[in-house]
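[1] Build me a model:
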Amino acid sequence: MSNSQDPVAPDEILPDAAGSLFRRTPLVPAPAPAKQARPRGRGQRVDDVPAFLIHSYPYRETSLILDVFTRSHGRLALVAKGAKRPHSALRPVLIAFQRLSLSWSGAGEIKTLVRAEWFGAPQRLQGAAAMSGWYLNELLLRLLGRDDPHESLYDAYVEALSRLAAHPRLSAALREFEWRLLCEIGYGFDPAATGSGEPVQAGMRYRVPLEAGPESEEPEAPQLGTPITGESLLALAAGRFDDAAAEPELRRLLRERLDYHMNGRPMSTRQVLHDLRSFPPLRADARPPGGDAGGPAEPDPPHPGETEG
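    Have a look, this model is predicted:
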């Protein structure tokens with residue numbers, strides 16, 4: 001019998017496999033089995049989970065700590081052992097904005113990556129689209145807790161990346177994801193009705209407090225909150241994020257609400273974009289022949305980190 005079973009009293013009678021009886025009489029009472037520490041890296045294994053890499057940083061000499069966003073498990077921290085080695089099989093796979101299939105094991109806060117593969121066709125973001133993708137990743141890092149699944153938000157992230165990769169106008173994809181993120185984590189509101197239940201009407205002006213829904217703007221009474229028109233609120237309620245007239249007000253409304261729930265900490269992606277735009281543009285004669293320096297032919301759409309105006 002296995003040593004892992006409970007000790008048997010000296011006078012206990014047990015049947016053996018053949019049905020006969022035998023007496024098990026230890027000379028001394030059997031000690032309780034000592035609890036052995038579970039080896040690191042062991043634990044429940046999870047296989048083939050759709051995921052995206054949203055951030056990574058070095059760990060020891062040859063490994064990485066990955067922050068990934070999965071559909072079924074939410075945000076997770078994984079250690080990718082040996083991923084920094086030049087010939088590591090993980091090195092070319094772990095790319096931001098590329099849909100992945102991940103397997104891991106472990107029961108602690110940081111689990112061990114076992115396998116990583118590309119899932120679907122390669123997807124690359126460049127230029128302003130890449131900066132917008134990093135902005136979405138930073139929002140997830142700041143506002144999502146770990147081990148908290150958000151399947152609908154994962155689907156919204158997949159859709160946003162596809163739109164960033166394919167559409168020249170980025171602002172609609174960004175505003176929609178910002179709104180869906182706020183609603184998913186419990187910071188949304190009903191844009192079609194005031195706090196008192198009155199329907200929002202076009203042609204009227206409203207204010208939206210940071211922790212509540214819209215309220216009618218009273219000219220003679222000071223009110224807190226972001227000013228916005230009824231038309232923009234109705235566009236938000238209908239999901240018309242490509243409404244050019246509503247976009248500036250929606251950008252301000254959603255940005256102020258996001259900043260509030262991030263405790264006012266500045267976002268790194270906004271600062272990077274601001275720094276990049278502070279450099280003077282290349283002279284026409286400094287551009288490579290046959291085209292520009294890799295930028296779009298038309299001015300970039302408003303980035304989420306830009307100040308209005």
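[2] Could you point out the helix or strand that follows the least confident helix or strand in the chain by mean pLDDT?
    None of the helices or strands of the chain scores lower by mean pLDDT, DSSP states H and E than strand 21-23, at a mean of 34. With elements assigned by DSSP states H and E, the helix or strand that comes after strand 21-23 is strand 45-59.
[3] What segments of the stretch 51-200 of the chain are helices?
    128-143, 151-166, 171-184 (DSSP state H, counting those that start in this stretch).
[4] could you dump those to CSV with distance to Glu211, mean pLDDT and mean neighbour count?
    Every residue, glycine included, has its C-beta placed from N, CA and C. Putting these into CSV (distance: least, CB to CB, whole Å; pLDDT from 0 to 100; neighbours: other CB atoms under 10 Å) gives the following:
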stretch, distance to Glu211, mean pLDDT, mean neighbour count
helix 128-143, 15, 94, 20
helix 151-166, 21, 95, 17
helix 171-184, 12, 96, 21
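[5] Export these as CSV, with columns for distance to Val49.
    Shown next, in CSV, are the helices of the stretch 51-200 of the chain (distance: least, CB to CB, whole Å):
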stretch, distance to Val49
helix 128-143, 16
helix 151-166, 11
helix 171-184, 19
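[6] Glu249: which of those helices is closest?
    Of all these, helix 171-184 sits nearest to Glu249, with 10.4 Å by CB to CB.
[7] ok, and what's touching the closest one?
    Here helix 171-184 makes contact (CB atoms under 8 Å, 6 or more residues apart in numbering) with 132, 135-136, 139-140, 143, 150, 152-153, 156-157, 160, 163-164, 167, 188, 236, 239, 241-242, 247, 250-251, 254-255, 257-258, 261, 301-302, 304.
[8] and if we set it to 7 Å?
    132, 136, 139, 143, 150, 152-153, 156-157, 160, 163-164, 167, 188, 236, 241-242, 247, 250-251, 254, 257-258, 301-302, 304 (CB atoms under 7 Å, 6 or more residues apart in numbering).
[9] And stretch 48-58, by the same measure?
    64-73, 84, 94-96, 99-103, 119, 137, 140-141, 157.
[10] chain center to that stretch: distance?
    10 Å (CA atoms, centre = their mean, to the nearest Å).
[11] how about that stretch: buried residues?
    By neighbour count on 16 or more other CB atoms under 10 Å, the buried set for stretch 48-58 is 49-56.
[12] Quick check: the gap between Ser216 and Ser232.
    Using CB to CB, to the nearest Å, Ser216 is found at 15 Å from Ser232.
[13] Same check on Pro214?
    Pro214 is 10 Å from Ser232, by CB to CB.
[14] what do you get for Arg169?
    When Arg169 is compared with Ser232 (using CB to CB), they lie 18 Å apart.
[15] Neighbour count for the two, which is higher?
    Ser232 (25 against 14; other CB atoms under 10 Å).
[16] List phi and psi for the residue nearest to Leu224 when sequence neighbours are not counted.
    Spatial nearest neighbour of Leu224, excluding adjacent residues (CB to CB, 6 or more residues apart in numbering): Pro209 at 5.5 Å. Phi and psi for Pro209, reported as degrees, to the nearest 10, are phi -60, psi 160.
[17] Next: Tyr260.
    According to degrees, to the nearest 10, Tyr260 has phi -60, psi -40.
[18] That one: how many residues sit nearby?
    When neighbours are defined as other CB under 10 Å, Tyr260 has 13 of them.
[19] buried stuff in stretch 117-125?
    Quick answer for stretch 117-125 (16+ other CB under 10 Å): 123, 125.
[20] ugh, wrong one, stretch 219-237
    225-226, 228-236.
[21] Looking at those residues, which one is closest to Met267?
    Thr226 (18.1 Å).
[22] how about Asn263, secondary structure?
    Each residue gets one of three states, and Asn263 gets coil by DSSP: H, G, I helix; E, B strand; the rest coil.
[23] For it, give me its contacts.
    Contacts of Asn263 by CB under 7 Å, 6+ apart: none found.
[24] Overlap of the contact sets of Pro214 and Ser232?
    Joint contacts of Pro214 and Ser232 (CB under 7 Å, 6+ apart) do not exist.
[25] Over to Ala244. Which of the three states is it?
    Per three-state DSSP, Ala244 ends up coil.
[26] how close does it sit to Glu256?
    Applying CB to CB to Ala244 and Glu256 gives a distance of 20 Å.
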